[in-house]
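1. Could you work out the structure for the sequence below:
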Amino acid sequence: MIKDYFAGKYPRGWFAVLFSDEIKTGEIKSLSYFGREFVAFRGENGQVSVLDAFCPHLGAHLGDGKCEGNTIVCPFHEWKFSQTGACVDVPYATRIPVKAKEGALQSHPVREVNQIVHMWFDPAGAPPTWELPLDECMNGAPGWTRWYFKRWRIRTQGKEIIENLVDTPHFTYVHGSPIEDIVIRFDGHVASQQSTIGGHPTLGKKLTTEATYFGPAVQHITMDGTYPSKQVNIHTPVDTEHVDVCYGIKLQRDPALHDTDAIAREYARFAHEAFEQDVVIWQRKIYRAAPLLCDGDGPLFQLRDWYRQFFEDEIRSV
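-> Below is the predicted model:
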């Protein structure tokens, strides 16, 4: 039996954890990902930071604390930590312990681009090795609606979700929208699909799409249909058996329409219904490390080889 290389592992890369409008200035959000606990907070400087959740003093969860200026304050003894994880104040101490000042609380790289907060995670603790692209249309440029998104927490792993990129037949048999032509490309940490998809009564008679993964878990989609749209498919591991997956969409505004947002909400409803069809399957399927394929299944093994670059090889004893 061929072993599942990805089982029980987390990939390294950028992972979307919040949309920008979900975390206001002075607000704290508790996050549970990669089998660990984190806190995100937005300081008065507008910057979002992600830190390990448990105070290095006596272990209180900082998600129960408060944000003051550009610091997060522990709810237990009011130790204050900066956006880099360094302790900057202990209200009842004459001096701050050296280890605390040096950053006893681990911080994690954050990029807030395209109106989405992303954190970098590497099981080995290494820093980012690539950056996410900025798309002005996604990033709040005039003429576009806000993000309309929906989340699911499901029993699956990212290795299942990414395979839709090359799974041409499922568009016909799951979504009822056959792909008429498709081109798949792999280039370093980027994997992309350009396709023409059979029509949808709301989205358009013909849908031309460009869907690109930047690393293992952040996919940007440009779709031209009845109305041009930008979409994101983002998933973040909760643990080795569950992921938070989210599908978001925004539309280009049409000056001829009284309310483009009403159209965007309807677009989002259909997009989320289609994505839900995949979610139902992911929830109950198993992963085949050695699947039985046919000549119409697309470059599945090439995709898996591409995905493998984001995982550490197992350490073998000598």
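2. Show me the helices in the stretch 1-150 of the chain, by range?
-> 98-101 (DSSP state H, counting those that start in this stretch).
3. roughly how far apart are the closest residue to A274 other than its chain neighbours and N164?
-> Residue nearest to A274 in three dimensions, not counting chain neighbours: H175, with 5.4 Å by CB to CB, 6 or more residues apart in numbering. Where C-beta positions appear, they are placed from N, C-alpha and C, glycine not excepted. Separation of H175 from N164 (CB to CB, to the nearest Å) stands at 10 Å.
4. One more: E37?
-> E37 is 30 Å from N164, by CB to CB.
5. between those two, which one's more packed in?
-> The residue with more neighbours, out of E37 and N164, is N164; 19 against 15, by other CB atoms under 10 Å.
6. quick one, phi/psi of that one?
-> Dihedral angles phi and psi of N164 (degrees, to the nearest 10) take the values phi -60, psi -20.
7. wait, isn't it in contact with H170?
-> Yes: counting by CB atoms under 8 Å, N164 touches H170, with 6.8 Å between them.
8. Overlap of the contact sets of the two?
-> D278 (CB atoms under 8 Å, 6 or more residues apart in numbering).
9. Let's verify the residue nearest to A274: helix, strand, or coil?
-> Under DSSP: H, G, I helix; E, B strand; the rest coil, H175 falls in the coil class.
10. ok, now how distant is it from E276?
-> Relative to E276, and taking CB to CB, H175 is found at 11 Å.
11. the more surrounded of those two?
-> H175 (17 against 12).
12. can you tell me how far that one sits from C246?
-> 18 Å.
13. One more: I162?
-> 15 Å.
14. next structured bit after the lengthiest helix in the chain?
-> Longest helix in the chain, counting residues (DSSP state H): helix 260-284. The helix or strand immediately downstream of helix 260-284 is helix 300-308, counting by DSSP states H and E.
15. residues in contact with that following helix?
-> 5-6, 11, 159, 162-163, 165-167, 184, 186, 191, 216, 291, 293.
16. Among these, which are located in strands?
-> I184, F186, A191 (DSSP state E).
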